[in-house]
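Chemist: Need a 3D model of the sequence below.
(4 chains)
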Protein chains: 2
Amino acid sequence: MQDHSVHLQCSDCPIRHRAVCARCETDELSELEQIKYYRSFQAGQTVIWSGDRMEFVGSVVTGIATLTQTMEDGRRQMVGLLLPSDFVGRPGRMTAAYDVTATTDLVMCCFRKKPFEDLMATTPHIAQRLLEMTLDELDAAREWMLLLGRKTAREKIASMITIIARREASLQSAKPNGMLTVDLPLSREEMADYLGLTLETVSRQISALKKDGVISLEGNRHISIPDLDRLLEEAGDDSDGGMLV
Amino acid sequence: MQDHSVHLQCSDCPIRHRAVCARCETDELSELEQIKYYRSFQAGQTVIWSGDRMEFVGSVVTGIATLTQTMEDGRRQMVGLLLPSDFVGRPGRMTAAYDVTATTDLVMCCFRKKPFEDLMATTPHIAQRLLEMTLDELDAAREWMLLLGRKTAREKIASMITIIARREASLQSAKPNGMLTVDLPLSREEMADYLGLTLETVSRQISALKKDGVISLEGNRHISIPDLDRLLEEAGDDSDGGMLV
DNA sequence: GACGCGCCTTGACCCAGATCAAATGACAGA
DNA sequence: TCTGTCATTTGATCTGGGTCAAGGCGCGTC
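Modeler: Prediction:
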């Protein structure tokens, strides 16, 4: 189930230039190549449970995963959305701090933790890249804190759509010119966990944005954005010109 | 105003073993020593404005600073609370992403950004420690996201007190045995910005916790905690035994 | 083609926390 | 001692989003 292992040359890897290996030279890459292995997960499958011993770290190659925290009474908050090239796990820590769940079919490039840590100690390019990625994640987490603490439900939905649009745009090479479209990788309930709302409120606010012409829907996962500036305005973000990437 | 420069030997520095320099050997330390300088800020003074060019990075030596984000209409969210040994600034970035404000009188150990980046490239111990600290901050940010997204006002207040108690306890060497006490480093308004509440709600919930005997107050900044487990319960956290540190 | 099963939407009502407003303290300066 | 300022508390009211409860809609199965 989790071992229809594809095996890919690093040089052909779709995340070669964005993942933790991005800065590695060919010789460093071949060292990584020796200890890597692929694992596949089905949509809905749990990759790691919070509190479990974590024997590997790795990168998302394809698909989407989420990081969530759960309180004893079941309240859940998503604390990370992992897209291709994002790193999972924390070198130097024994147990997982969050639940990691595949929301789509997922392929991960894994390294057993110990060998990876050893390699990291001797390969500054890996540690450097990991620092850079962690700093980016910290910035994203802080932007998210503003969203959770201060934005209205409508602003939260608009912000989420722009965040996903931005991240998708930065992954897809070609822009399909014409109207911007986004496929939501999350169910209504997952969006609610992402945004600190209930699924009913998510549904209502999406309907409201649709009624007001800010977005349009085909099916309930596919969104088109006729006017990105309008959406950014609804998101309440500093109008930074709406630069993607 | 900002240059009553104390000058301290690194070896006598109170944050020597927790800050970004924690892992440095004596020779590495003397390189840092050559490029460091101290700056003092008064309570209330702004250290850096979001968007400004950032010509230095550094560590909080004494005092407390906050990281906040502000929306155009004035809504504010604190996204970081900086205690002694915490690092300010991001190597590799030109401009500040957040407002940094001194909430008490503050002394920082600063490095001009360029020399620090150069030193970091040749001194893995610095980069390693910075990665470790950044990962810790990311964990803290994610715990905070759960608080902002899912906790009630009462749980938020209780959580904040435990967070501050935990951080204070990890700094203070000796435990004063007897009842646990905490000095809140923030005004009611700052707490509100921290917790995603209004200052009125903060005040009401503190009064409620006091009335219920969970905490007691002397003045409005000094809190005693008769029963830490009780407070942890109110915070809604996983009851992890309430280990400080 | 009708049944069941996940999802999602919509409606009706409620309540935690926001908002607006006033009162209370705690100081610092005159 | 009085007075102004600023932080905090407390009260009264309002409201955005939560809660509870029906439906609707696609879709795979028998």
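Chemist: Would you agree A:D237 falls within a helix?
Modeler: No. Counting by DSSP: H, G, I helix; E, B strand; the rest coil, A:D237 falls outside a helix, being coil.
Chemist: Quick check on it: phi, psi?
Modeler: phi -80, psi 160 (degrees, to the nearest 10).
Chemist: what about the residue lying closest to it once chain neighbours are set aside, helix or strand, and which?
Modeler: Spatial nearest neighbour of A:D237, chain neighbours left out: A:S159 (6.8 Å); criterion: Cβ to Cβ, 6 or more residues apart in numbering or on different chains. C-beta coordinates here come from the backbone N, C-alpha and C atoms, glycine included. Using DSSP states H and E, A:S159 sits in helix A:153-171.
Chemist: follow-up on the earlier one: quick one: residues contacting the residue nearest to A:D237.
Modeler: Residues in contact with A:S159 (Cβ atoms under 8 Å, 6 or more residues apart in numbering or on different chains) are A:L147, A:K151, A:A235, A:G236, A:D237.
Chemist: go with 7 Å
Modeler: Contact partners of A:S159, counting by Cβ atoms under 7 Å, 6 or more residues apart in numbering or on different chains, are A:L147, A:K151, A:A235, A:D237.
Chemist: now those in JSON lines, with neighbour count, pLDDT and distance to DNA strand D?
Modeler: Shown next, in JSON lines, are the contacts of A:S159 (neighbours: other Cβ atoms under 10 Å in any protein chain shown; pLDDT from 0 to 100; distance: Cβ to the nearest atom of the strand, whole Å):
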{"residue": "A:L147", "neighbour count": "24", "pLDDT": "98", "distance to DNA strand D": "11"}
{"residue": "A:K151", "neighbour count": "22", "pLDDT": "98", "distance to DNA strand D": "7"}
{"residue": "A:A235", "neighbour count": "23", "pLDDT": "96", "distance to DNA strand D": "13"}
{"residue": "A:D237", "neighbour count": "21", "pLDDT": "85", "distance to DNA strand D": "16"}
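Chemist: from these, which is closest to DNA strand C?
Modeler: A:K151 (12.0 Å; Cβ to the nearest atom of the strand).
Chemist: The closest one against A:G236, yeah?
Modeler: Yes. Using Cβ atoms under 7 Å, A:K151 makes contact with A:G236 at a distance of 6.0 Å.
Chemist: give the contact list for the residue nearest the centre of chain A.
Modeler: Closest residue to the average C-alpha location of chain A: A:L82 at 2.2 Å, with Cα atoms, centre = their mean. The contact partners of A:L82, taken as Cβ under 7 Å, 6+ apart, are A:V60, A:I64, A:A65, A:T66, A:L67, A:V88.
Chemist: Dump these into a markdown table; add pLDDT, distance to chain B and neighbour count as well.
Modeler: Shown next, in a markdown table, are the contacts of A:L82 (pLDDT from 0 to 100; distance: Cβ to the nearest Cβ, whole Å; neighbours: other Cβ atoms under 10 Å in any protein chain shown):
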| residue | pLDDT | distance to chain B | neighbour count |
| --- | --- | --- | --- |
| A:V60 | 97 | 17 | 23 |
| A:I64 | 94 | 18 | 21 |
| A:A65 | 96 | 15 | 25 |
| A:T66 | 97 | 12 | 21 |
| A:L67 | 97 | 8 | 22 |
| A:V88 | 97 | 13 | 22 |
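Chemist: Quick check: residues of chain A near DNA strand D?
Modeler: Residues of chain A found near DNA strand D, taking Cβ under 7 Å from any atom of the strand as the criterion, are A:T152, A:A153, A:R154, A:G196, A:L197, A:T198, A:E200, A:T201.
Chemist: isn't the fifth one right up against A:I157?
Modeler: Translated: A:L197. No. Taking Cβ under 7 Å as the definition, A:L197 is not a contact partner of A:I157, at 8.3 Å.
Chemist: These two: which has the busier surroundings?
Modeler: Neighbour totals were compared for A:L197 and A:I157, and A:I157 leads with 27 against 21 (other Cβ atoms under 10 Å in any protein chain shown).
Chemist: picking up where we left off before, out of the residues of chain A next to DNA strand D, which one sits closest to chain B?
Modeler: Closest approach between the residues of chain A next to DNA strand D and chain B, by Cβ to the nearest Cβ: A:G196, at 2.9 Å.
Chemist: Tell me how far that closest one lies from A:T104.
Modeler: For A:G196, the distance to A:T104 equals 23 Å [Cβ to Cβ, to the nearest Å].
Chemist: Show me which of the two is the more surrounded one.
Modeler: Under the criterion of other Cβ under 10 Å, the comparison of A:G196 against A:T104 puts A:G196 first, with 25 against 14.
Chemist: quick one: the more buried one and A:G149 touch, right?
Modeler: No. Contact criterion Cβ under 7 Å: A:G196 and A:G149 do not qualify, at 8.9 Å.
Chemist: which neighbours do those two share?
Modeler: B:L148.
Chemist: export the residues of chain A next to DNA strand D to TSV and tack on distance to A:L231 and pLDDT?
Modeler: As requested, the residues of chain A next to DNA strand D are exported to TSV (distance: Cβ to Cβ, whole Å; pLDDT from 0 to 100):
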residue	distance to A:L231	pLDDT
A:T152	15	98
A:A153	15	98
A:R154	11	97
A:G196	20	98
A:L197	18	98
A:T198	22	98
A:E200	22	97
A:T201	19	98
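Chemist: Most neighbours among those residues, please name it.
Modeler: A:G196 (25 neighbours).
Chemist: Quick one: residues contacting it.
Modeler: A:G196 makes contacts with A:Q77, A:L148, B:L148, B:G149, B:R150, as judged by Cβ under 7 Å, 6+ apart.
Chemist: Check which residues of the helix holding A:S159 are buried.
Modeler: Within helix A:153-171, the residues that count as buried by 16 or more other Cβ atoms under 10 Å in any protein chain shown are A:153-165, A:167-168.
Chemist: The closest residue to DNA strand D within chain A sits in which helix or strand?
Modeler: Distances between chain A and DNA strand D by Cβ to the nearest atom of the strand are smallest at A:T201, namely 3.1 Å. Remark: A:T201 resides in helix A:199-211, with elements defined by DSSP H and E.
Chemist: what element comes up after that helix heading to the C-terminus?
Modeler: strand A:216-218.
Chemist: Quick one: list the elements packing against that following strand.
Modeler: Applying 3 or more Cβ pairs under 7 Å, 6 or more residues apart in numbering or on different chains; DSSP states H and E, one finds that strand A:216-218 contacts no other helix or strand.
Chemist: so what's the nearest residue to A:R221 once chain neighbours are set aside up against?
Modeler: Of all residues not flanking A:R221 in the chain, A:L184 sits nearest, at 4.8 Å (Cβ to Cβ, 6+ apart). A:L184 is in contact with A:I164, A:R221, A:I223, counting by Cβ under 7 Å, 6+ apart.
Chemist: So which of the contacts of A:L82 is the closest to B:A97?
Modeler: Nearest to B:A97 among the contacts of A:L82 is A:L67, at 21.7 Å by Cβ to Cβ.
Chemist: For DNA strand C, see how far away that closest one is.
Modeler: With distances taken as Cβ to the nearest atom of the strand, to the nearest Å, A:L67 is found 19 Å from DNA strand C.
Chemist: same deal with A:T123?
Modeler: With Cβ to the nearest atom of the strand as the criterion, A:T123 and DNA strand C are 42 Å apart.
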